[in-house]
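K.L.:
let me see the structure of the following:
(one chain, ligands or ions: 1)
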Amino acid sequence: MSEGEEQRASGGCLCGAVRYSVRGPLRDVLICHCSMCQRLHTHLGAYSACSPSDLTVENKEALRWYRSSASARRGFCSECGANLFWEPAHGHHISVSAGSLDRPTGLRVQGHIHREEEADFCTDAGTLPA
Ligand SMILES: [Zn+2]
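P.N.:
Residues are numbered from 1 along each chain as shown. Next up is the predicted model:
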């Protein structure tokens, strides 16, 4: 946590067992289409990110970690299963589930990543017909 920086955001899981706060800047949201996010999130992953030192998890005992690949692990609530964090091994940032942030987030969607793994039911723009 950086000295003197005010809280930028707060968030938590579905049941409230895990709550966290962020000091310092949050990245805008990236929508991830990778096959792991599809299995984890029903379809897409939506993540902001911050510096690991800016993230404070208030009740770590409810947080569990799943190593989803050699290069990253994913943090989730052991009570409700909500996925909250994606932590790469390089340690330069930690991704925070955009949907778990308390509103208003002040964020926008910055872009889409891993579209090469996009699900076959994902039509262009992923929107319903008007
Ligand atoms: Zn929970």
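K.L.:
start to end distance for stretch 29-43?
P.N.:
End-to-end span of stretch 29-43 (CA to CA, to the nearest Å): 16 Å.
K.L.:
now that stretch: buried residues?
P.N.:
Within stretch 29-43, the residues that qualify as buried are Val29, Leu30, Ile31, Cys32, His33, Cys34, Met36, Cys37, Gln38, Leu40, counting by 16 or more other CB atoms under 10 Å. From N, CA and C alone the C-beta is placed, and that goes for glycine too.
K.L.:
the last one against Asn83, yeah?
P.N.:
Yes. Here Leu40 lies in contact with Asn83, judged by CB atoms under 8 Å, at a distance of 5.6 Å.
K.L.:
which neighbours do these two share?
P.N.:
Arg74 (CB atoms under 8 Å, 6 or more residues apart in numbering).
K.L.:
got the contact list for Trp65?
P.N.:
Contacts of Trp65 (CB under 8 Å, 6+ apart): Arg73, Arg74, Gly75, Phe76, Glu87.
K.L.:
where does pLDDT dip in the protein?
P.N.:
1-5, 124-130 (pLDDT under 70).
K.L.:
SS state for Gly99?
P.N.:
helix (DSSP: H, G, I helix; E, B strand; the rest coil).
K.L.:
what's around it, how many residues?
P.N.:
When neighbours are defined as other CB atoms under 10 Å, Gly99 has 17 of them.
K.L.:
dump the residue contacts of it.
P.N.:
Ala46.
K.L.:
is the ion within reach of the helix or strand containing Trp65?
P.N.:
Here Trp65, judged by DSSP states H and E, is contained in strand 63-69. No. Remark: strand 63-69 sits outside contact range of the ion, by CB under 5 Å from the ion, the gap being at least 9.2 Å.
K.L.:
so which bits of that strand are buried?
P.N.:
Result for strand 63-69 [16+ other CB under 10 Å]: buried residues Leu63, Ser68.
K.L.:
which SSE is immediately downstream of it?
P.N.:
Using DSSP H and E, the first helix or strand after strand 63-69 is strand 72-77.
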